[in-house]
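Asker: quick one, what's the 3D model for this:
(chains A and B)
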2 protein chains.
Amino acid sequence: MTDIITVNRDRLWRSLMDLAEIGAYDDERTGLRGVNRLALTDADAAGRRLVISWMEQAGLTVRIDKMGNIYGRRDGADPEARPVLTGSHIDSVATAGAFDGCLGVLGGIEVLRTLNERGITTRRPIEVAVFTEEEGVRFGTDMLGSAVAANRLTLDYAHALTDRDGATLGAELARTGFVGLAGERLDPPHAYVECHIEQGPVLAQAGVEIGVVTGVQGISWQEIIIHGRAAHAGTTPTELRADAGLAAAQIIVHLRAMVDSGSYDDLRATVGYLAVHPDLTNIVPARAELTVDLRNPDDTHMARAEQDLAAFLRTLEENGLSISTRRMAKTAYVPFDDTVQKVIARAADDHGLAHISLLSGAGHDAQEIAVLCPTAMIFVRGEYDGISHNPREYSTPEACAHGIDVLATTLLRLADQN
Amino acid sequence: MTDIITVNRDRLWRSLMDLAEIGAYDDERTGLRGVNRLALTDADAAGRRLVISWMEQAGLTVRIDKMGNIYGRRDGADPEARPVLTGSHIDSVATAGAFDGCLGVLGGIEVLRTLNERGITTRRPIEVAVFTEEEGVRFGTDMLGSAVAANRLTLDYAHALTDRDGATLGAELARTGFVGLAGERLDPPHAYVECHIEQGPVLAQAGVEIGVVTGVQGISWQEIIIHGRAAHAGTTPTELRADAGLAAAQIIVHLRAMVDSGSYDDLRATVGYLAVHPDLTNIVPARAELTVDLRNPDDTHMARAEQDLAAFLRTLEENGLSISTRRMAKTAYVPFDDTVQKVIARAADDHGLAHISLLSGAGHDAQEIAVLCPTAMIFVRGEYDGISHNPREYSTPEACAHGIDVLATTLLRLADQN
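Answerer: Sure thing, here's the model as predicted:
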């Protein structure tokens, strides 16, 4: 019996396209169909039910935990052996494509379908996980479900998080019917492997199909709230203003200058959320809110970037403003397991697929599960510079199948390990 | 018979406080009661009905024009003589106080009540106007009702304007019952005098009660829309980004630098409205929208500021962004009539009130009516640096009465002119 297996490319693609219909919308800007499946909305719940039905059709035993994480299990020959885990998430940002997260979940199910068709029994069980609220855009903390499963965050903390309308995650879990019976702490698996689109341009520029991911760069999310003073745009002399919107703008420009300075390793800084109040043409903003997303592959440089930003905020307060910050998320650099990386690289070689090693620029559930067991990730290349979180996000059927072929062979080999 | 009259201070104040109850809200930030009476909302309609009831109680003949402007007329001895007009507006911004506009309308009614009580018959009629959508924050063009009355804008243009929810001004006029029968063009009055709070710190700093307004500085409103490209915050290298939010921030910072340069006379620049899309923490903004409010007492400097801003936008487009601008409003510097200013100044002297001449930093209905007839304004001083468009906006009962006393004597003298 060979230990190199290939999956059904067409069936994998059909799963991706079918799931993308749930939460689909017509994106005005791109003219494309996009996906809007924020965590624990009706669309996300419908997507979860579809994925569970596919798990059940594949003969998997489905369990749901108190955090809404879903696990589909295929038994192995040794009922005592710890399982090999794969998976990802199916929640999306508000303007998403069909691949982010979904490839890892549907690819995992496709691997198990393939093992069924070939009548292969592995020594260890294999499980496919669907983690809750990976994106973090609805309840403010990303990798939330996997962080609770890995015991970094408590269930109470997660259930109490609120969206912008004040709905708690716990209430939304209950409303959608996804408060499961299983305990939220995941028993340590034998290993975890997650296949994901790269969401960046590196693989395409290198001309390779497969990325063996060495780790995930550090991520820092914070919310900044600036209190100034509302004033009439025409009559208030400039020197008497405390303009919260101007301060927000100065922060954004300053962050870019920090990035461009090159003094913080490969720092990336993004202000994606920005609001001013009262938001009227002829009133100096009394309040501004923004989020700052920092990424860095080096924890020391990240800490220094955060300190320098805090110092800049203090200089802005000299202009009659008061500024508060709230930590939304913070993850250190997470290195992945060398041995699992080697299994992935050999699988890619055995499939005749060129590969390189690279660091992940985005956060993934794998960085949470990495504290429980040896973990690594497989990246699949994307088109259009790897654009993601956008309806233009696209990986070809071939690219997706290549990634899941490597996942299949990797899982098979890990599941036969002692 | 003396031609110096004083109004009923308590009754004037009660009118101001009663009208402020309509659209009142509890302002979280200041802990004060504020006013939210955006034009042609239910609150504005209720305010209009209250003001009309007061006009009718004062024996005025009320007419409403097709633009929703309301006029209350007290006849004079000569039915053929052109009326002296006073007035202002009662619509507000979303976070307003009790005085902006309301003082001019309710003060005008109070003057006519006083003339009634004293049995004074003027040669000319005196009319009190309530102009529609002076603030411009709901339908995007300020001084809208007076601009239509003065033939600067057409009724069709005004009726077709939409708010952010897509409701047209014409439909909102009809919904609230304020499409009147009178023609929207105002027959040229003999003169127009508007009393208004200063909305600035100049009178208080000068230690005087009354401002004789020499004119209104030029105002330029434009909307800027920036199209960039959505991208993942973690995986998209900085050099591949087209960050619409960053460009918006650069514009705001650049405008302040223009102001601080001192190269544009007394330029004031405000970005009060700012939005990014999709407005999510980990997505580089694909689109940003902002408004730019420029004020300048010199039309040449204003034009140069606008040109320099446009040139700056073109430099931003070199970063892969596309930027469009839309003119929302533009008014040139408007000088007021010297003769009317002298009548006001003499009335202030006769009341024993110290006064200075000053330019208005804010736009007012008077600048529109000024094309029809000799026009000037009376400013009343405000507390707290003259803060306005804010629940802290406050002028004392004494300050309000002083302004309306000057208005009363001014109107009486103008209405007895040949």
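
Asker: helices of the stretch 1-150 of chain A, residue ranges please.
Answerer: With DSSP state H, counting those that start in this stretch applied, the stretch 1-150 of chain A shows helices at A:9-20, A:42-57, A:102-118, A:144-149, listed in chain order.

Asker: of all the ones you listed, which lies closest to A:T176?
Answerer: Comparing the helices of the stretch 1-150 of chain A against A:T176 with Cβ to Cβ, the closest turns out to be helix A:42-57 (3.9 Å). In this view, the C-beta of every residue, glycine as well, is placed from N, C-alpha and C.

Asker: what does that closest one rub up against?
Answerer: For helix A:42-57, the surrounding residues in contact (Cβ atoms under 8 Å, 6 or more residues apart in numbering or on different chains) are A:15, A:18-19, A:22-23, A:36-38, A:62, A:70, A:72, A:90-91, A:105-106, A:109, A:128, A:130, A:176-178.

Asker: which among the residues you listed end up buried?
Answerer: Of the members of those, the ones counted as buried by neighbours, 16 or more other Cβ atoms under 10 Å in any protein chain shown, are A:15, A:19, A:22-23, A:36-38, A:62, A:70, A:72, A:90-91, A:105-106, A:109, A:128, A:130, A:176, A:178.

Asker: can you list which of these are found in strands?
Answerer: Using DSSP state E, the members of the buried ones among the contacts of helix A:42-57 that fall in strands are A:62, A:70, A:72, A:128, A:130.

Asker: A:A332: neighbour count?
Answerer: Close neighbours of A:A332, defined as other Cβ atoms under 10 Å in any protein chain shown, add up to 15.

Asker: distance of A:T270 from B:D163?
Answerer: If you measure A:T270 against B:D163 using Cβ to Cβ, to the nearest Å, the figure is 32 Å.

Asker: of those two, which one has the most company?
Answerer: Remark: of A:T270 and B:D163, A:T270 carries more neighbours, 31 against 18, as counted by other Cβ under 10 Å.

Asker: was I right to think the more buried one contacts B:N282?
Answerer: Yes - the criterion here is Cβ atoms under 8 Å, and A:T270 meets it with B:N282 at 6.8 Å.

Asker: overlap in contacts, those two.
Answerer: Joint contacts of A:T270 and B:N282 (Cβ under 8 Å, 6+ apart) are A:293, B:233.

Asker: could you pull out the strands for the stretch 251-400 of chain A?
Answerer: Along the stretch 251-400 of chain A, the stretches classed as strands by DSSP state E, counting those that start in this stretch are A:268-270, A:274-277, A:283-284, A:287-296, A:322-331, A:334-335, A:355-360, A:375-380.

Asker: could you dump these to CSV with mean pLDDT?
Answerer: Formatted as CSV, the entries for these read as follows, by pLDDT from 0 to 100:
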stretch, mean pLDDT
strand A:268-270, 97
strand A:274-277, 97
strand A:283-284, 93
strand A:287-296, 97
strand A:322-331, 93
strand A:334-335, 94
strand A:355-360, 94
strand A:375-380, 98
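
Asker: as a markdown table, the ones you listed with distance to B:V340 would be great.
Answerer: Supplementary listing: the strands of the stretch 251-400 of chain A in a markdown table, determined by distance: least, Cβ to Cβ, whole Å:
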| stretch | distance to B:V340 |
| --- | --- |
| strand A:268-270 | 56 |
| strand A:274-277 | 39 |
| strand A:283-284 | 30 |
| strand A:287-296 | 41 |
| strand A:322-331 | 45 |
| strand A:334-335 | 74 |
| strand A:355-360 | 72 |
| strand A:375-380 | 75 |
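
Asker: that older thread, any idea which of the ones in strands among the buried ones among the contacts of helix A:42-57 is the one closest to chain B?
Answerer: Closest to chain B out of these is A:V130 (20.1 Å), distances taken as Cβ to the nearest Cβ.

Asker: just checking, the closest one touches A:I70?
Answerer: Yes - contact between A:V130 and A:I70 holds when scored by Cβ under 8 Å: they sit 4.1 Å apart.

Asker: which secondary structure elements does the worst-scoring helix or strand of chain A on mean pLDDT contact?
Answerer: Ranking every helix and strand in chain A by mean pLDDT, DSSP states H and E puts strand A:231-232 at the bottom, with a mean of 85. With contacts taken as 3 or more Cβ pairs under 8 Å, 6 or more residues apart in numbering or on different chains; DSSP states H and E, strand A:231-232 sits against strand A:283-284.

Asker: low-confidence ranges, chain A, go.
Answerer: Judged by pLDDT under 70, chain A has its weakly predicted residues at A:1-2.

Asker: what domains does the record give for it?
Answerer: Chain A breaks down into these structural domains: A:9-215+A:333-415, A:218-331 (assignment by automatic domain parsing).

Asker: distance from the longest one to the middle of the chain?
Answerer: Spelled out, it's domain A:9-215+A:333-415. Between the centre of domain A:9-215+A:333-415 and the centre of its chain there are 9 Å (Cα atoms, centre = their mean, to the nearest Å).

Asker: isn't A:V84 up against A:A191?
Answerer: Yes - using Cβ under 8 Å, A:V84 is in contact with A:A191, at 5.4 Å.

Asker: circling back to that earlier point, want to throw the strands of the stretch 251-400 of chain A into a markdown table with distance to chain B?
Answerer: What follows is these, written out as a markdown table (distance: least, Cβ to the nearest Cβ, whole Å):
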| stretch | distance to chain B |
| --- | --- |
| strand A:268-270 | 4 |
| strand A:274-277 | 5 |
| strand A:283-284 | 5 |
| strand A:287-296 | 4 |
| strand A:322-331 | 7 |
| strand A:334-335 | 13 |
| strand A:355-360 | 8 |
| strand A:375-380 | 10 |
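
Asker: A:D3: which of these is closest?
Answerer: Across the strands of the stretch 251-400 of chain A, the minimum distance to A:D3, taken as Cβ to Cβ, is reached by strand A:375-380, at 16.8 Å.

Asker: state the phi and psi torsions of A:V7.
Answerer: Phi and psi for A:V7, reported as degrees, to the nearest 10, are phi -90, psi 180.

Asker: quick one: it and A:V406 touch, right?
Answerer: No - under the criterion of Cβ under 8 Å, A:V7 makes no contact with A:V406, lying 10.1 Å away.
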